[in-house]
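Student: Here is a sequence together with a model predicted from it:
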Amino acid sequence: MRINIKQTITTFILIILVFACTHDGALLNPLFTSRINDTVAKTPFDSTTTTSGCDTTKINYVEHIKPIMTKYCTSCHSTNLKLGGYDLSTYAGTLIPAKSGKLLGSVLHGTGFIPMPSTNQFISTCEVSLIKRWIEQAYLVDSVGSSDTAIIVNPPVTPSVNTCNPDTVYFASQILPLMVSSCAMSGCHDVISKKDGVIMTDYTNIMKIVKANDPNGSKLYKSLIDTDLEDRMPMSPIPPFNQTQIALVYKWIAQGAKNNACTNTTSGTCTTTNMSFSKDVLPIFTSNCNGCHNAVAPSAGINLTTYSGTISISARIIGSITHAAGFSPMPTSTIKLSDCDISKISAWINQGKLNN
């Protein structure tokens with residue numbers, strides 16, 4: 001039997017290339033391993049270890065993070081070869097696993113994460129520190145100090161702005177925060193995961209499962225009240241909407257499901273005297289934060305459904321809700337609380353953070 005040597009060699013090379021980027025196996029492309037063998041740490045990252053000459057004072061994507069991604073990751077996670085759905089060759093692409101915790105968890109080979117760059121290879125202690133500090137310092141883009149707050153994926157249609165009417169439900173300040181906090185997260189209905197083809201990050205996409213003026217005919221409302229846990233939204237372990245939130249969504253749809261917003265110019269002022277945790281502060285967290293920071297599955301270990309959980313991070317709250325440099329922006333990098341809500345939380349803290 002004659003053997004076609006040229007065909008055999010070609011097949012062998014293709015097999016090597018396929019296995020090099022099979023991510024569950026976490027193998028590195030052999031063509032790339034030779035250039036990183038000298039810099040990859042052969043033992044797990046030790047958070048107590050300091051690396052001489054590793055400056056983590058102010059970290060940005062362009063100078064520090066992109067080179068790490070290029071060195072270890074983009075052979076399999078790029079625009080052309082997006083294994084696992086991740087493109088780590090761009091800032092926007094890297095931001096997704098960084099914010100979900102998957103990037104740091106993977107490079108640390110943490111339990112429950114796919115180990116990166118491979119099952120038996122670790123990036124250096126310094127490089128792990130750079131990634132960790134970049135996340136802590138709010139994902140700066142460059143040395144100028146730009147942050148991702150200017151980068152909006154799938155921006156919403158500009159809502160119509162009116163003076164606030166207490167009988168009207170407003171999409172921008174009341175509905176969107178609920179959807180983003182409880183539904184538009186990694187693995188569910190964000191722009192990358194888009195489970196069941198549904199995206200809940202903006203008005204245009206949310207309206208694909210809403211029938212204006214018809215709550216009972218809207219997939220969005222029906223999913224909130226579904227008694228089947230597999231079909232109910234948000235899905236476990238995220239807590240279901242409470243009756244007040246469900247009624248709010250119902251009323252918004254019944255009023256025409258408008259892409260609207262409002263300003264508090266009718267009252268002219270934002271009352272911040274004698275702030276109460278239960279009456280003034282907790283409702284803000286319920287509408288904007290508890291989808292992620294709840295008692296059942298508290299993101300980053302933060303539970304904002306209780307006084308004790310809130311008081312434990314009170315020193316960081318203002319920095320996050322004002323999107324200050326060095327803090328993780330909340331509710332998200334592209335959504336900010338209203339000036340009045342920020343003022344109320346700030347006033348509550350300044351007035352002694354009372355459990356009242």
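Tutor: Yep, that arrived. Numbering: from 1, shown residues only.
Student: Below-threshold pLDDT in the chain: ranges please.
Tutor: 1-52, 143-158, 186, 264-269, 333-335 (pLDDT under 70).
Student: Just want the most central residue of it.
Tutor: Closest to where the C-alpha atoms of the chain average out (CA atoms, centre = their mean) is residue 99, at 4.7 Å.
Student: May I have the phi/psi pair for that residue?
Tutor: For residue 99, the backbone dihedrals (degrees, to the nearest 10) come out as phi -70, psi -30.
Student: Name the residues of stretch 125-142 that come out as buried.
Tutor: In terms of neighbour count (16 or more other CB atoms under 10 Å), stretch 125-142 has its buried residues at 125-135, 137-141. To be clear about C-beta, it is placed using only N, CA and C from the backbone, and glycine gets the same treatment.
Student: Farthest-apart pair in those residues, please.
Tutor: 125 and 141 (24.6 Å; CB to CB).
Student: any residues touching stretch 253-267, and which ones?
Tutor: For stretch 253-267, contacts defined as CB atoms under 8 Å, 6 or more residues apart in numbering pick out 156-157, 159-165, 168-173, 203, 207, 210-215, 218, 220-221, 252, 270, 338, 340.
Student: The stretch 51-200 of the chain: strands as residue ranges?
Tutor: Here the stretch 51-200 of the chain has its strands, by DSSP state E, counting those that start in this stretch, at 160-163.
Student: Helices of that one, residue ranges please.
Tutor: Using DSSP state H, counting those that start in this stretch, the helices of the stretch 51-200 of the chain run over residues 66-72, 91-100, 102-107, 125-136, 176-182.
Student: looking at these, which is closest to residue 287?
Tutor: helix 176-182 (5.5 Å).
Student: Quick check: which of the helices of the stretch 51-200 of the chain is nearest to residue 349?
Tutor: helix 176-182 (20.6 Å).
Student: export the closest one as PDB, just CAs?
Tutor: The C-alpha coordinates for helix 176-182 follow below in PDB (Å, rounded to 0.1, in the frame of the first residue of the first chain):
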ATOM      1  CA  LEU A 176     -33.700  49.600  33.000                       C
ATOM      2  CA  PRO A 177     -31.800  49.400  36.400                       C
ATOM      3  CA  LEU A 178     -34.000  46.400  37.400                       C
ATOM      4  CA  MET A 179     -33.300  44.600  34.100                       C
ATOM      5  CA  VAL A 180     -29.600  45.300  34.200                       C
ATOM      6  CA  SER A 181     -29.200  44.400  37.800                       C
ATOM      7  CA  SER A 182     -31.200  41.100  37.700                       C
END
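Student: what's the following helix or strand after it?
Tutor: Using DSSP states H and E, the helix or strand that follows helix 176-182 towards the C-terminus is helix 203-206.
Student: buried residues in that following helix?
Tutor: Those would be 203, 205-206, for helix 203-206 by 16+ other CB under 10 Å.
Student: ok, now stretch 166-177?
Tutor: Judged by neighbour count (16+ other CB under 10 Å), stretch 166-177 contains these buried residues: 169-177.
Student: what's in contact with that stretch?
Tutor: By CB under 8 Å, 6+ apart, stretch 166-177 touches 156, 159, 162, 164, 202-203, 206, 248-249, 251-252, 255, 257-262, 287-288, 331, 335, 338.
Student: Stretch 273-288 now?
Tutor: 174, 177-178, 181, 242, 245, 293, 304-305, 307, 310, 331, 337, 341, 344-345, 347-348, 351, 353-356.
Student: So which of those sit within helices?
Tutor: Applying DSSP state H to the contacts of stretch 273-288, the entries found in helices are 177-178, 181, 245, 307, 310, 341, 344-345, 347-348.
Student: Number of residues surrounding the closest residue to residue 340 other than its chain neighbours?
Tutor: Using CB to CB, 6 or more residues apart in numbering and skipping residues adjacent in sequence, the residue nearest residue 340 is residue 270, 3.8 Å away. Residues near residue 270, counting by other CB atoms under 10 Å, number 14.
Student: For residue 270, list the residues it contacts.
Tutor: Contacts of residue 270 by CB under 8 Å, 6+ apart are 264, 339-340, 343-344.
Student: Just to be sure, it is in a strand?
Tutor: No - counting by DSSP: H, G, I helix; E, B strand; the rest coil, residue 270 is located in no strand; its state is coil.
Student: Please tell me how far it sits from residue 339.
Tutor: For residue 270, the distance to residue 339 equals 7 Å [CB to CB, to the nearest Å].
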